[in-house]
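**Q** Provided below are the primary sequence and the corresponding predicted coordinates.
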Amino acid sequence: MSDQAVAAYDVVAAELESAGVVRGSMFGMPCLKVGKKVLAGMFGDAMTFKLPPEPREKALALPGAEPFDPGMGRPMKEWVMIPLAQSEAWPEYAAEALEYVGR
């Protein structure tokens, strides 16, 4: 993970703290949780988000975004990975993920 990606991730994490989001770990990668549910994480220089269908499809339309596969050979159903080049969109999708997971 580059310093730039970590800094962008830290901004997203800090913005969600007031909503009860805490930092944790999933598959050995940094993640953001609300309660015991993971809503987002870091994977290399990208951020991953658990999203419902409509926001997920919108996120997948971003350049470089793709379904998230943590190395198991198949993408995780509700997860999308958005690259650092699109980090200006990370806060929007983090909020969408929090709303979805926090229900």
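**A** Perfect, thanks for sending it.

**Q** walk me through which strands the helix or strand bottoming out on mean pLDDT in the chain pairs with, and which way each runs.
**A** None of the helices or strands of the chain scores lower by mean pLDDT, DSSP states H and E than strand 21-26, at a mean of 89. Next to strand 21-26 in the sheet, as set by DSSP bridges, lie strand 29-34 (antiparallel).

**Q** what is the neighbour count of the residue lying closest to residue 44 once chain neighbours are set aside?
**A** With C-beta to C-beta, 6 or more residues apart in numbering as the criterion, residue 44 has its nearest non-adjacent residue at 6.3 Å, and that residue is residue 1. The way it works is simple: take the backbone N, C-alpha and C, and place the C-beta from them, glycine included. Using other C-beta atoms under 10 Å, the number of residues around residue 1 comes to 14.

**Q** what's the answer for residue 26, then?
**A** Look at residue 26: counted by other C-beta under 10 Å, it has 16 neighbours.

**Q** how about low-confidence regions in the protein?
**A** Scanning the chain for pLDDT under 70 picks out 103.

**Q** which parts of it are strands?
**A** For the chain, strands defined by DSSP state E occupy the ranges 21-26, 29-34, 37-43, 46-50, 66-67, 79-83.

**Q** among these, which is nearest residue 58?
**A** strand 79-83 (9.4 Å; C-beta to C-beta).

**Q** can you name every helix or strand that the closest one contacts?
**A** strand 46-50, helix 53-60, strand 66-67, helix 90-101 (3 or more C-beta pairs under 8 Å, 6 or more residues apart in numbering; DSSP states H and E).
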